[in-house]
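>>> missing the sequence, but the structure's below:
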């Protein structure tokens, strides 16, 4: 089972407890750092500014990112190749869900099933971030570990699940782990540009044949739940699970819900 994390998130954002719950259901669980996160390659030779990001948001089609979400999907395939794995159940969160969609479309022979969590199709009319997040998204994380941590904690409070509010100590611990593993502000900017310049996959998602479940929270401010609904509509036979009070995070209180949905999706592949 290949777990693909979202924007700026290293592999540790897939909590060990959640991975262990999936492993206990019989899966070999793989989590990894996307390029420009954690201990993966940093493409620091490619500079992306805030102006570039604003331009990509306001003027779609006018920006050329250093790399695309398709490249990130190719990275995932490269990892499977390196591990000698022909096919995997794919689970993607946010940007990772977008990468998973591309895997299911362009690398269908490598995907057994797909679970998309708090993601969207690339169509600009759905899954839009709430305007009140723009200042936080564009704000600087500051010069050091402490300033990064404070920003990360504020962001977690802002986009987290109202029904399952994140604990400050847990947010601090995750921020420290993220920073120490190799957090890169420029890397996040490059990933952001890749997300903002992605193509609309809606029509191509109709060609996805593997079992799919789409999970989204009703209180997601970063990727509006319309993105999840659009994803489920675009994929024939997709199951759609909308969770009341869930925001843009993976609350521990919902781990069993996530695991049950992911495993049920994988079992649909076995039954095919």
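In hand now; what should we look at? Keep in mind that this is a model prediction, so the values were computed, not measured.
>>> can you give me the strands in the stretch 151-272 of the chain?
For the stretch 151-272 of the chain, the strands defined by DSSP state E, counting those that start in this stretch occupy 212-217, 239-243.
>>> okay, and the helix or strand of the chain with the least pLDDT?
helix 134-138 (a mean of 86; mean pLDDT, DSSP states H and E).
>>> helices or strands up against it?
helix 50-58, helix 145-159 (3 or more C-beta pairs under 8 Å, 6 or more residues apart in numbering; DSSP states H and E). No exception for glycine: its C-beta is placed from N, CA and C like everyone else's.
>>> For it, what is the distance to the chain centroid?
18 Å (C-alpha atoms, centre = their mean, to the nearest Å).
>>> What of stretch 133-140?
Centre-to-centre, stretch 133-140 and its host chain are 18 Å apart (C-alpha atoms, centre = their mean).
>>> May I see the buried residues of that stretch?
Neighbour counts over stretch 133-140 (16 or more other C-beta atoms under 10 Å) mark residue 137 as buried.
>>> cool, and stretch 51-61?
By 16+ other C-beta under 10 Å, the buried positions in stretch 51-61 come out as 52, 53, 56, 57.
>>> re the thing from before, in TSV, list the helices and strands packed on helix 134-138 along with mean pLDDT and distance to residue 73.
Shown next, in TSV, are these (pLDDT from 0 to 100; distance: least, C-beta to C-beta, whole Å):
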stretch	mean pLDDT	distance to residue 73
helix 50-58	90	19
helix 145-159	96	24
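>>> So which of these is nearest residue 240?
Of all these, helix 145-159 sits nearest to residue 240, with 21.3 Å by C-beta to C-beta.
>>> Residues contacting the closest one, please?
With C-beta atoms under 8 Å, 6 or more residues apart in numbering as the test, helix 145-159 has contacts from 133, 136, 139-142, 165-166, 168, 171-172, 174-176, 178-180, 183, 220-222, 247-249.
>>> can we see that at 10 Å?
Under the criterion C-beta atoms under 10 Å, 6 or more residues apart in numbering, residues 8, 118, 129-130, 132-133, 136-137, 139-142, 165-176, 178-180, 183, 185, 219-223, 247-249 lie in contact with helix 145-159.
>>> I'd like the distance from it to the chain centre, please.
18 Å.
>>> where do the helices sit along the stretch 51-200 of the chain?
With DSSP state H, counting those that start in this stretch as the criterion, the stretch 51-200 of the chain has helices at 69-83, 95-106, 134-138, 145-159, 168-182, 185-196.
>>> buried residues in the fourth one?
The reference is to helix 145-159. The neighbour-count check on helix 145-159 (16+ other C-beta under 10 Å) flags 148, 149, 151, 152, 153, 155, 156, 158, 159 as buried.
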